[in-house]
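*Asks:* Show me how the following folds:
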Amino acid sequence: MMNRWRVLKRLLPLMAGMALLLSACGRDDLSTLSPQGPVAQKQFDLMTLSISIMALVVVVVFAICIYVLIRFRRRKGDNTIPKQVEGNHTLEIIWTVVPIILLLILGVPTINTVFGLSKDYSKDPEAVQVTVTSHQYWWEFEYPEYGIKTAQELIVPTGRKIQFKLASGDVTHAFWIPSIGGKIDTNAGLGTTNKLYLEFPNEGVFRGKCAELCGPSHALMDFKAKAVNQASFDRWVAAMKAPVAMPADEKVKAAFESKCLTCHAIGETNAGSAAPNLTGVGSRLTVGGILYNDEKSVEENLKDWISHAQTIKPGNQMPDVSTNVKYGPGKGTTATGLTEEELDGIAKYLAGQKLEY
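*Replies:* Now for the predicted structure:
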């Protein structure tokens, strides 16, 4: 038993060191410690200030404790009563005033930052308005001023404020782009919308996540935020609003219309659908939010997703097409399966739905 304890005592510092080392591993676009926008920078600065003040207090308190333990320890043969400092007005003033000063140093910037980041730009004509609706387990982005609705990829222009209006279509989720700012809950129920604004100063792709446990595929509820220049954003808007042709093959077209467009939308077809909009799905970075198109082709990922959606992302509303299963709450439609030719044709058609912007 003693030998085991000695081994454990030797392993504990090693494991603690490894935990500290591994905690620094991660992606820049998933770290609040690598802010890439002004909102995230303000949050990071406030966090740095708070931690610095707390660290200062801990260091000073421990230093005083160690000094007192050494300087005023009872020495051998000394049985005298130490000098009593009870009622020392100077000390009492110091340990009352110092915490007040520290609270002011922390409180003033905290209030300024919190209230500053809660500004509402819904009426600002220069801000881009985006309505975010979370679902199990995907994200819907609507641009009301442009009449556009898309899914899984948030496209925004750089240099402008993006005002979000957030709600949930089912359970509570949380919208979060760690390197840009956030997070904020999306709540279910009428009238329970939250608001948040963010800014994207630089072009790039930023990873977003759901930060609220929402079901078995919570960890797979990712989305991408693409920041592009204003000209590219304008081209994207035009491409999203352009007419979309149906599959040229009549059999593929019939299967697509009867088994996909009962729930999904593409272009102006079935625009009020409750499932993810498929317009431009071929140019997205992922299929289903988690199948990356740089690891497999878009067409292969689409075939995998259509065939095995429940295996890839358990609990989502997309059925495996090989089974007769209801798709979507209250939809009243069933997926009756696809032939290999229909599956290949639909995957090829959707993979070709690319937006040039």
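
*Asks:* Just give me the neighbour total for residue 338.
*Replies:* Using other Cβ atoms under 10 Å, residue 338 has 22 other residues around it. C-betas here are computed from N, CA, C, even on glycine.

*Asks:* Who are the contact partners of it?
*Replies:* Counting by Cβ atoms under 8 Å, 6 or more residues apart in numbering, residue 338 makes contact with 255, 259, 306, 321-322, 346.

*Asks:* Swap in 10 Å and give it another go.
*Replies:* By Cβ atoms under 10 Å, 6 or more residues apart in numbering, the residues touching residue 338 are 252, 255-256, 259-260, 303, 306-307, 321-322, 344-347.

*Asks:* From residue 281, how far off is residue 270?
*Replies:* To residue 281, residue 270 is 14 Å away according to Cβ to Cβ, to the nearest Å.

*Asks:* Just the buried ones among the contacts of residue 338, please.
*Replies:* 252, 255-256, 259-260, 303, 306-307, 321, 345-347 (16 or more other Cβ atoms under 10 Å).

*Asks:* which one among the residues you listed gets closest to residue 76?
*Replies:* Residue 76 has its nearest neighbour among those in residue 307, at 81.5 Å by Cβ to Cβ.

*Asks:* Let me know the secondary structure of the closest one.
*Replies:* Following DSSP: H, G, I helix; E, B strand; the rest coil, residue 307 is assigned to helix.

*Asks:* Show me the domain layout of this structure.
*Replies:* Using automatic domain parsing, the domain parsing of the chain gives 128-241, 250-351.

*Asks:* CSV please, covering the contacts of residue 338 and showing pLDDT and secondary structure.
*Replies:* Formatted as CSV, these follow (pLDDT from 0 to 100; DSSP: H, G, I helix; E, B strand; the rest coil):
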residue, pLDDT, secondary structure
252, 92, helix
255, 91, helix
256, 91, helix
259, 87, helix
260, 89, coil
303, 92, helix
306, 92, helix
307, 89, helix
321, 73, coil
322, 57, coil
344, 91, helix
345, 93, helix
346, 93, helix
347, 94, helix
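
*Asks:* can you put the residues you listed in CSV and add distance to residue 139?
*Replies:* Formatted as CSV, the contacts of residue 338 follow (distance: Cβ to Cβ, whole Å):
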residue, distance to residue 139
252, 28
255, 27
256, 24
259, 24
260, 20
303, 23
306, 20
307, 23
321, 23
322, 27
344, 28
345, 28
346, 23
347, 23
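
*Asks:* What separation is there between the residue lying farthest from the centre of the chain and residue 284?
*Replies:* The centre of the chain is farthest from one residue, residue 77, which by Cα atoms, centre = their mean lies 64.8 Å away. As judged by Cβ to Cβ, residue 77 and residue 284 stand 81 Å apart.

*Asks:* ditto for residue 131
*Replies:* Counting by Cβ to Cβ, the gap between residue 131 and residue 284 amounts to 19 Å.

*Asks:* Just want to know which of those two has more residues nearby.
*Replies:* Per other Cβ under 10 Å, whichever of residue 131 and residue 284 has more neighbours is residue 284, with 22 against 16.

*Asks:* That one against residue 305, yeah?
*Replies:* No - using Cβ atoms under 10 Å, residue 284 makes no contact with residue 305, being 11.7 Å away.

*Asks:* show me the contacts for the nearest residue to residue 42 once chain neighbours are set aside.
*Replies:* Once flanking residues are discounted, residue 42 sits nearest to residue 113: 5.4 Å by Cβ to Cβ, 6 or more residues apart in numbering. Shown in contact with residue 113 (Cβ under 10 Å, 6+ apart): 39, 42-43, 45-46, 49.

*Asks:* ok, so of the residues you listed, who is nearest residue 316?
*Replies:* Using Cβ to Cβ, residue 39 is the member of the contacts of residue 113 that lies nearest residue 316, at 30.1 Å.

*Asks:* re the thing from before, mind listing which of the contacts of residue 113 are in helices?
*Replies:* 39, 42-43, 45-46, 49 (DSSP state H).

*Asks:* export the domains of the chain to TSV and tack on distance to residue 106?
*Replies:* Formatted as TSV, the domains of the chain follow (distance: least, Cβ to Cβ, whole Å):
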stretch	distance to residue 106
domain 128-241	21
domain 250-351	38
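
*Asks:* mind checking which of the ones you listed is nearest residue 31?
*Replies:* Closest approach to residue 31 among the domains of the chain is made by domain 128-241 (6.0 Å; Cβ to Cβ).

*Asks:* Could you check which of residue 270 and residue 281 has the larger neighbour count?
*Replies:* Applying other Cβ under 10 Å to residue 270 and residue 281 shows that residue 281 carries more neighbours, namely 24 against 18.

*Asks:* Could you check how far the more buried one is from residue 275?
*Replies:* Counting by Cβ to Cβ, the gap from residue 281 to residue 275 is 12 Å.
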